[in-house]
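J.: sequence-free structure coming up:
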């Protein structure tokens, strides 16, 4: 017997809720009947091959897209009832291509949201410098550089710092390390894991890399053709007998099969 | 009589016609900028306006300049003999490079930049003024430069409909088979075009944001 209080507590723990969400583009469903919660402080990794609807799912959270059917709730309020600007400023967003503003210095890039929010310049500066140190870019050395003067890994560090700038409770990460070389990627994954332990943000992380998913996730959701076919902890995921899950686990073998290699190359 | 003597003797008239020429170009370019840049921005926001707007500007640009002056003369209010018609024609002529480059400059920005800006909660206005216009500025200015140089050239023909400018010397020289007269109009007009091209090119380089790669588009 589940009490009303425990149900309420359950609801309060959810930072993001998907209620039977379908999104169609020109009558073609990109995601269908998504129904799951993202709990506060967890790192939910959405895993899936290219075109499985991972990015669409993320964009439904910060209202870059709105559901065709169903409802996405952030902090208990449906995204369509949020002012999109307010909603997005409460959500950190990191994308694979980073998307730094090329005409802004690192400092201005990281300070973007706080500046838009009208923080005092000294406060923005303090915050930016603290974040640059957090992501391993000494501000004395990096604050005044431009994005084109940085390596790919450094750029993505700036991207992460920018997303964290206004201290948003929720972070959306769309294959943030996907374009990095394998060594830099591993380094970033380790550091991200460490930041996450310290900051305790709610994170929804999209990837097609099963290894990354197993390493970072508190729970893994597997998307296949727009449907969530599996959702559970990494341990549960590894034990799953679903064919879609087994196909991904195959990629973990020491010598990757052709399937996995071709999957790595796309997107 | 040498050309130098001729120039000294007609100094006043040359200065006066150069002024007229600059006024024609300056006024028409100002109007073209005020209309063209907003139109260029509009079609980045409203894709369905893109075809009609660019199509119109394109058609205007393909009409030979003398014919365009001719078309405008019989139109009430804008037409008639004189500077007003010339300014309307020059404005129409300048629109295409300005609209096209404004559009191309903004659309040429890395989509990830726009995506990131939107995703972080910038409003459309903030995105436009803080990101898109600054990043597109070099390309937009390249369009303005092309439009201005074209205007300086086309404005010489405006003398044919009584709008004044350096074309007055050229047409008079042609009628009188007087090479010095033709040169007295053609030379300042050419120098004007070169000077403006150089000056705007310099401004363009100063204002192009430091992004590591400079896009070249005209």
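T.: Structure received. Everything quoted here is computed from the prediction, not taken from an experiment.

J.: contacts only, for residue A:36.
T.: Contacts for residue A:36 (CB atoms under 8 Å, 6 or more residues apart in numbering or on different chains) come out as A:17, A:18, A:221, A:228, A:231. No exception for glycine: its C-beta is placed from N, CA and C like everyone else's.

J.: distance of the most centrally placed residue in chain B from chain A?
T.: Central residue of chain B (CA atoms, centre = their mean): residue B:147, 2.7 Å from the mean position. Residue B:147 is 24 Å from chain A, where distance means CB to the nearest CB, to the nearest Å.

J.: can you tell me the element that residue falls in?
T.: helix B:133-157 (DSSP states H and E).

J.: gap between residue A:39 and chain B?
T.: In this view, residue A:39 and chain B are 23 Å apart by CB to the nearest CB.

J.: surely that residue touches residue A:170?
T.: No - in this structure, residue A:39 is not within contact of residue A:170 by CB atoms under 8 Å, at 11.4 Å.

J.: which residues do those two both contact?
T.: Here residue A:39 and residue A:170 have A:15, A:202 as joint contacts, going by CB under 8 Å, 6+ apart.

J.: which one's more surrounded, the two?
T.: Neighbour totals were compared for residue A:39 and residue A:170, and residue A:170 leads with 21 against 15 (other CB atoms under 10 Å in any protein chain shown).

J.: enumerate every residue touching that one.
T.: A:15, A:16, A:61, A:74, A:90, A:91, A:92, A:201, A:202, A:203, A:204 are the contacts of residue A:170 under CB under 8 Å, 6+ apart.

J.: ok, now residue A:245?
T.: Residue A:245 neighbours (CB under 8 Å, 6+ apart): A:222, A:229, A:230, A:237.

J.: what's the helix or strand for residue 205?
T.: Using chain A here. strand A:202-207.

J.: switch to chain B, please.
T.: Applying DSSP H and E, one finds residue B:205 within helix B:179-207.

J.: count the neighbours of residue 139 for me.
T.: Using chain A here. Look at residue A:139: counted by other CB under 10 Å, it has 17 neighbours.

J.: my bad, the chain I had in mind was chain B
T.: 25.

J.: ok, it touching residue B:105?
T.: Yes - shown here, residue B:139 and residue B:105 form a contact pair, counting by CB under 8 Å, at 3.2 Å.

J.: helix, strand, or coil at residue A:35?
T.: Look at residue A:35: counting by DSSP: H, G, I helix; E, B strand; the rest coil, its state is strand.

J.: picking up where we left off before, what's near enough to touch the residue nearest to the centre of chain B?
T.: B:29, B:32, B:36, B:93, B:94, B:95, B:96, B:97, B:98.

J.: report the contact partners of the residue lying closest to it once chain neighbours are set aside.
T.: The shortest distance from residue B:147 to any non-neighbouring residue, by CB to CB, 6 or more residues apart in numbering or on different chains, is to residue B:94 (3.9 Å). With contact taken as CB under 8 Å, 6+ apart, residue B:94 is in contact with B:28, B:29, B:32, B:36, B:147, B:148, B:150, B:151.

J.: if you set the cut-off to 10 Å instead, what comes out?
T.: Residue B:94 makes contacts with B:25, B:28-33, B:35-36, B:57, B:60-61, B:143-144, B:146-148, B:150-151, B:154, as judged by CB atoms under 10 Å, 6 or more residues apart in numbering or on different chains.

J.: is it true that it lies in a helix?
T.: Yes - counting by three-state DSSP, residue B:94 is part of a helix.

J.: how close does it sit to chain A?
T.: For residue B:94, the distance to chain A equals 27 Å [CB to the nearest CB].

J.: check the spacing between residue A:28 and chain B real quick.
T.: Between residue A:28 and chain B the computed distance is 21 Å (CB to the nearest CB).

J.: need the residues of the stretch 1-150 of chain A near chain B, please.
T.: Counting by CB under 10 Å from any CB of the partner chain, the residues of the stretch 1-150 of chain A close to chain B are A:58-59, A:62-64, A:83-105, A:108-109, A:112-113, A:115-117, A:146-149.
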